[in-house]
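*Asks:* next input, structure requested:
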Amino acid sequence: MGVWQSRIKGKSFSEIKNWLTIRVRHQLLSRARAKPLRNSAIWLTSKFIGTEGLMPSNSVLIKKENMDAHLKELKKTGIAMLDYKLNPQIINEIITYSETLKCFDPYRKDLGDFNPKDATQDSNIAHFHREDLIKSKLIMDLANDPMVLSLVQSYLGAKPTISNVCMWWSFGNRLRPQEAQNFHRDNDDIKFCKLFFYLTDVSAETGPHIYVKNTYNDSKLRKIRRFEDHEIEQTFGRENIVTITGDKGVCFIADTYGFHKGLVPKSADRLLLQIEYSFFPIGYQDYTPVHVDYENRYSKHFNRLLIKNV
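*Replies:* Residues are numbered from 1 along each chain as shown. Sure, this is the predicted structure:
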């Protein structure tokens, strides 16, 4: 059975129609690589979606008085460090919850689910399943942080959709980088950004996120592929390549259409949580909203892809 047949098997007509709409739109938008065309598509899309009145309130991540500075930095460089580190208690509770879950290697799906402690040397990373992460109220509270949503809406120019929740281990002492551990652009939507949390201490030796400032809106190297370090340095300059280190709890927002990679840890393993915000559903993802047990108090639009009972 082919990939398309397997993904639509058992779905209703309306579900198949929605699935095809998402993928056709993704294919069309992914081809809008020329800067003027992409910027025009972003402007038209933002006007079509519109904004939502958001009331900035208490945030565990952002100081209200720093919102304008974060937006300015995000628009200028493509990345902004947030004000507060994640509370250690929240980190510990997320990690404790994760210890009850299984992981998978997205590049070796034949391995099936496994405990991250049992990962083989052939696996550089191990992702948790999104449907398991959505069931954590702590994680979804972070995804729906009111100041983050306000910042993201201002950056996108329209009300955002929480289109993915990811958490994964990057394992140390691997021989070579795999896939996203090489420089690349993400091509998830016409415009999007991602919120990152370090859930372990991250030094230069333990898998820091590497970001190339000022590249998310640059017209050079628009082809979607993996790039060698020397290609990025020669094109954009070594001075624009930033290495993000810090104690566990460090968080930042980045437009990952800009070049980036996760460095392979040389020693200790790294655990990272990532929330994605976009205009539309991501074309290569399958969405089955999850029914959650915690109290429903989230925006329906923002969470419509992930939570069933909003």
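
*Asks:* so Ala158 sits right up against Ile42, yeah?
*Replies:* No - using C-beta atoms under 8 Å, Ala158 makes no contact with Ile42, being 9.2 Å away. Backbone N, C-alpha and C define where each C-beta goes, glycine included.

*Asks:* now do the contacts for Ile275.
*Replies:* By C-beta atoms under 8 Å, 6 or more residues apart in numbering, the contact list for Ile275 reads Leu142, Ala143, Ile162, Asn164, Val165, Cys166, Lys194, Leu195.

*Asks:* you'd agree Phe197 is up against Leu86?
*Replies:* Yes - the pair Phe197 / Leu86 is scored as a contact, 5.6 Å apart, by C-beta under 8 Å.

*Asks:* quick one: which of the two has more around it?
*Replies:* Using other C-beta atoms under 10 Å as the criterion, Phe197 and Leu86 rank with Phe197 on top: 24 against 21.

*Asks:* the spatially closest residue to the more buried one that is not a sequence neighbour: which element?
*Replies:* Once flanking residues are discounted, Phe197 sits nearest to Leu273: 4.2 Å by C-beta to C-beta, 6 or more residues apart in numbering. Secondary structure from DSSP states H and E places Leu273 in strand 270-278.

*Asks:* show me the shaky parts of the stretch 201-310 of the chain.
*Replies:* Scanning the stretch 201-310 of the chain for pLDDT under 70 picks out the ranges 310.

*Asks:* again with the stretch 51-200 of the chain
*Replies:* Scanning the stretch 51-200 of the chain for pLDDT under 70 picks out 56.

*Asks:* can you give me the helices in it?
*Replies:* Assigned by DSSP state H, counting those that start in this stretch, the stretch 51-200 of the chain shows helices spanning 67-77, 88-98, 130-134, 137-143, 146-156.

*Asks:* and those helices: which comes nearest Asn217?
*Replies:* Counting by C-beta to C-beta, Asn217 lies closest to helix 67-77 out of those; the figure is 8.7 Å.

*Asks:* mind checking how far the closest one is from the chain centre?
*Replies:* Counting by C-alpha atoms, centre = their mean, to the nearest Å, helix 67-77 is centred 18 Å from the centre of its parent chain.

*Asks:* could you list the residues in contact with it?
*Replies:* Defining contact as C-beta under 8 Å, 6+ apart, one finds that helix 67-77 is touched by 56, 62, 79-80, 82, 147, 150-151, 154-155, 193, 213-214, 253, 255.

*Asks:* go with 7 Å
*Replies:* Under the contact criterion C-beta atoms under 7 Å, 6 or more residues apart in numbering, helix 67-77 has outside partners Ile62, Ala80, Met147, Ser150, Leu151, Ser154, Tyr155, Lys213, Asn214, Ile253, Asp255.

*Asks:* most neighbours, which of these?
*Replies:* Neighbour counts for the contacts of helix 67-77 (other C-beta under 10 Å) peak at Leu151, which has 29 neighbours.

*Asks:* what distance do you get for it to Ser170?
*Replies:* Using C-beta to C-beta, to the nearest Å, Leu151 is found at 26 Å from Ser170.

*Asks:* do Val212 as well
*Replies:* Distance, Val212 to Ser170, by C-beta to C-beta: 19 Å.

*Asks:* more neighbours: which of those two?
*Replies:* The neighbour count for Val212 versus Ser170, taken as other C-beta under 10 Å, is higher for Val212 (27 against 24).

*Asks:* can I assume that one is in contact with Phe236?
*Replies:* Yes - with contact defined as C-beta atoms under 7 Å, Val212 counts as touching Phe236 (5.4 Å).
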